[in-house]
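> A structural model of the following input is requested.
(chains A and B)
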Amino acid sequence: MSINRKGIEVSIGAADAVAMADVDVIAAYPITPQTHIVEHLSEIVARGDLDAEFIPVESEHSAMSVCCGASAVGARTFTCTSSQGLALMNEIVFIAPCMRLPIVMILANRSLSGPLSIWNDHSDVMSIRDCGWIQVFTENGQDVFDHVFFAFRVAENPQVSLPVIVNMDGFILTHMIEAIEYWEPEMVRRYLPEFKPVNRLHPDKPVTMGAFGMPNIFTEAKKAQNEALLSSKVEILRAWKEMGDITGRYYKPVESYQADDAETVFLTMGSLSETVSIAVDRLRAQGKAVGQIKLRLWRPFPFEEFRLAVKNVKKIIVLDRALSFGGPGGPVASEIRAALYGEQNMPVVANFVAGLAGRDVTVNDYIAMYEKAEPFAKGKVRQDDYIIYGVRE
Amino acid sequence: MIEIRLHGRGGQGAVTSAELLALAAIQEGKYAQAFPSFGPERRGAPVVAFCRIDDEPIRLRTNIYNPDLVMVLDPSILRLVDVAGGLKKDGILVTNTKYSGKQIRDELGIQQAIGTVNATLIAQEEMGIPITNTTMLGSLIKAGRILDPESLMEPLKKRFGRIAEKNIRAFKRAYEETEVIPKE
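Numbers count the residues shown, from 1 in each chain, chains lettered A, B, ... in the order given. The predicted structure follows:
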């Protein structure tokens, strides 16, 4: 047992990791929707244990604006929000990656109102799917803790220089007390080099940031931004590999469980993945060839790894935690279908939308989804077929 | 895996109890989760908190529907809330009460084992306040035999600082005074 193993609320653990990463600026709107992450960081800064500026702002729009300014002058910058807070921040969220500002944000995933809700699902993150940030999902407290260091390392890598969102499920993770293995300060020093911005606002070497993009340059700027995000994957893979060499925990863009000989796989993202793995065990015990694929990297989307992971699979049960109203069901299934288009022996995709706004999804629910999906045969499922699971009628 | 559901009223420390249990278990090298019933908290309203303890990493991330142990901090909610709902046949319900286990069992109409202790009295005498969270932990540990009572000392000291001694006294006294009647 590691001496650094601590029982701690995951939000507090995440805040400790941010402090261990020695951030310079934290800007956040400190009231709901917010988590203990910035609350604890404000305490750490107030105690004098972290030499950083904690800037409590009047809205999330201002929080992200402050983050952009701070990052532009070369400060290691962090913020955190959820649901409506992200919605209010939206305008500036899209600007940060275009300006190549390596801000790190923990998004404690919660549903977007209305009806008014504070509970967990993925409707907030799906609303910014195309914002241009690197986006990863976490399953448990340890994942969250590790990915704070990962996020700064990748974001600030001069080859990348893009902002990173670490998604963690609201309540299911943010309010959970569990064991986390803390890194030694020496491990953080080894893994996370000092931030040396590619460009920074400085009077000695003037640069223009956030300039006008006239029609004759805008397309080129966007193509360059897209290329930057796509090519960040090499550095993402390297950062995970090197973290594994330090911690023994090797993360991957697409992770699998019992999937080698599986005919049907569940596809999940975030903290419900662990519960699904228990359903996989029970179905395996009944002799069913079932496995699980987990998307850890959401942007850039890991096409290659995903297609490889489902190469021999006949059916994919995609669990969505958000709904695309009037569209093709859940946003994840939509992308999965797109990623499979034109592939030989394309698997059937069965889409369940479940766990909206904190609705508990149990092991038996996943087994029921598996059974519901059993009659889905190739060719009989269309793009717009999906089931909103567990609706009381 | 042991699953525990804690019932109290907002402000009585049900969530703190769950947290202290998890911290003690993790200190023993076990795996544990502690979490509140997620929602807007209201002081005085019935609340629920959960705790899981296992020797293996815990993958289950749902509410607890079939607890092995139920702990009730406030006797006034015994009739308000279905505290024994889903309790396993071999499970134990541990409650703060001045009545006997037999009386509680008859009142709730259940067959499971019951642990009883007058936690309000103990808390009042040892700490001068009727907050029963640490007191009831002593009772739960005694009835459920889930952890070494010594494992709670460190988390109690850390959590309560200068008032830790009083809490530890209440915890130990409840541990001694808890009576358990087996299932019918």
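
> For the rest of this, base every contact and every neighbour count on C-alpha atoms.
OK.

> so what's residue 8 up against?
I went with chain A, as the question did not name one. A:177, A:178, A:179, A:180, B:23 (CA atoms under 8 Å, 6 or more residues apart in numbering or on different chains).

> Wait, chain B was what I had in mind.
With contacts defined as CA under 8 Å, 6+ apart, residue B:8 is in contact with B:14, B:46, B:47, B:48, B:72, B:73, B:74, B:77.

> For stretch A:77-96, buried residues please.
Of the residues in stretch A:77-96, A:77-90, A:92-93, A:95-96 count as buried by neighbour count, 16 or more other CA atoms under 10 Å in any protein chain shown.

> Put the alpha carbons of it into CSV.
Output in CSV follows, covering the C-alpha atoms of stretch A:77-96 (Å, rounded to 0.1, in the frame of the first residue of the first chain):
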residue,chain,number,x,y,z
THR,A,77,-3.9,29.0,-15.7
PHE,A,78,-6.8,27.0,-14.3
THR,A,79,-10.5,27.3,-14.0
CYS,A,80,-13.5,25.0,-13.2
THR,A,81,-17.2,25.2,-14.0
SER,A,82,-20.3,23.2,-14.7
SER,A,83,-23.6,23.3,-16.7
GLN,A,84,-25.1,26.8,-16.7
GLY,A,85,-21.7,28.2,-15.8
LEU,A,86,-20.2,26.7,-18.9
ALA,A,87,-23.1,28.0,-20.9
LEU,A,88,-22.4,31.5,-19.7
MET,A,89,-18.8,31.0,-20.4
ASN,A,90,-19.5,29.8,-23.9
GLU,A,91,-18.4,32.8,-26.0
ILE,A,92,-14.9,32.9,-24.6
VAL,A,93,-14.5,29.1,-24.5
PHE,A,94,-14.3,29.1,-28.3
ILE,A,95,-11.7,31.9,-28.4
ALA,A,96,-9.1,30.2,-26.2
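
> what is the mean pLDDT for that stretch?
What stretch A:77-96 shows for mean pLDDT is 97.

> hmm, who's touching stretch A:36-50?
Contact partners of stretch A:36-50, identified using CA under 8 Å, 6+ apart, comprise A:11-12, A:14-16, A:18-19, A:22, A:28, A:30, A:51-54, A:79-80, A:174.

> Try it again at 10 Å.
Outside stretch A:36-50, the residues that touch it by CA atoms under 10 Å, 6 or more residues apart in numbering or on different chains are A:9-24, A:26-31, A:51-56, A:78-81, A:106, A:108, A:174-175.

> From these, which land in strands?
A:9, A:26-28, A:53-56, A:78-81, A:106, A:108 (DSSP state E).

> Is the longest helix along chain A in proximity to chain B?
Secondary structure of chain A per DSSP state H: the longest helix is helix A:215-247. No. Figure legend: helix A:215-247 not in contact with chain B (CA under 10 Å from any CA of the partner chain); closest approach 17.3 Å.

> Which elements pack onto the helix or strand following that helix?
Sequence order places strand A:254-257 as the next helix or strand after helix A:215-247, per DSSP states H and E. If you count contacts as 3 or more CA pairs under 10 Å, 6 or more residues apart in numbering or on different chains; DSSP states H and E, strand A:254-257 packs onto strand A:264-268, helix A:272-285, strand A:290-295, strand A:297-299, helix A:303-309.

> at 6 Å instead, please
On a contact count with 3 or more CA pairs under 6 Å, 6 or more residues apart in numbering or on different chains; DSSP states H and E, strand A:254-257 meets strand A:290-295.

> if you look at the strand it packs on, does any of it touch chain B?
No. Strand A:290-295 lies out of reach of chain B by CA under 6 Å from any CA of the partner chain, never closer than 13.9 Å.

> Just the C-alpha atoms of that strand, please, in CSV.
The C-alpha coordinates for strand A:290-295 follow below in CSV (Å, rounded to 0.1, in the frame of the first residue of the first chain):
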residue,chain,number,x,y,z
VAL,A,290,-19.9,-9.1,-24.2
GLY,A,291,-17.3,-6.5,-23.6
GLN,A,292,-16.8,-2.8,-23.2
ILE,A,293,-15.1,0.0,-25.0
LYS,A,294,-14.5,3.3,-23.2
LEU,A,295,-13.7,6.6,-24.9
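
> Against which helices or strands is it packed?
Packed next to strand A:290-295, using 3+ CA pairs under 6 Å, 6+ apart, are strand A:254-257, strand A:264-268.

> and among those strands, the most buried is which?
Most buried of those, by mean neighbour count (mean count of other CA atoms under 10 Å in any protein chain shown): strand A:264-268, with a mean of 26.

> circling back to that earlier point, show me which residues of the longest helix of chain A are buried.
Buried-residue list, helix A:215-247, by 16+ other CA under 10 Å: A:225-226, A:228-230, A:232-233, A:235-237, A:239-243.

> Next step: the contacts of residue B:8 restricted to strands.
Within the contacts of residue B:8, membership in strands is found for B:46, B:47, B:48, B:72, as judged by DSSP E.
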